[in-house]
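Novice: can you look at this prediction? I've put the sequence above it.
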Amino acid sequence: MGVRPRAVVHDVRLKVTPAKVGAGVEDKVTVTVDVTNEGKRPGDEVVQLYLRDAVSSVTRPVKELKGFSRVGLKPGETKTVSFTLGRDALGFWKTGRDFVVEPGRFDVTVGGSSTAGLTASFEVTDKRDRGKE
């Protein structure tokens, strides 16, 4: 059996909710993207999610892979892929002992590689459970 071809993918819509989230343990951000196979054959796509902390107090990676999902698509088919980002994805070890989630803007890029995709932003506030208001 041969290798299944990669789908010709078009990212239709990227949505990040809520736009503002607290730094608490229960706070979460949901990222969804619609992926469509515009090709004439069935194929697969690995949808990748990268996160960038735009205003960190320490030097952070430009992009960190925080999630991925392999999606099989029939010709013309669209599927919605969802990722949930919590405190563990947003924070970092500041002093080796202190895990922190700093307030500020985070950029999310979703696509088929680290160099291509759609980008949206959300803000982490210093208040807990901000997204539940």
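Specialist: Thanks, I have the structure now. Numbering: from 1, shown residues only.
Novice: nearest residue to Gly76 other than its sequence neighbours?
Specialist: Distances taken as Cβ to Cβ, 6 or more residues apart in numbering place Asn37 nearest to Gly76, at 6.6 Å, with adjacent residues excluded. Yep, even glycine has a C-beta here, placed from its N, CA and C like the rest.
Novice: can you pull the pLDDT of the one you found?
Specialist: The model reports Asn37 with a pLDDT of 88.
Novice: please apply the same query to Arg60.
Specialist: Arg60 is assigned 89 on the pLDDT scale.
Novice: same thing with Gly2?
Specialist: 52.
Novice: swap in Ser69?
Specialist: Taking Ser69 on its own, its pLDDT is 96.
Novice: that one contacts Val47, doesn't it?
Specialist: Yes. Contact criterion Cβ atoms under 8 Å: Ser69 and Val47 qualify, at 5.1 Å.
Novice: joint contacts of the two?
Specialist: Common contacts of Ser69 and Val47 (Cβ atoms under 8 Å, 6 or more residues apart in numbering): Val81.
Novice: correct me if wrong: the residue nearest to Gly76 contacts Asp44.
Specialist: No. In this structure, Asn37 is not within contact of Asp44 by Cβ under 8 Å, at 9.3 Å.
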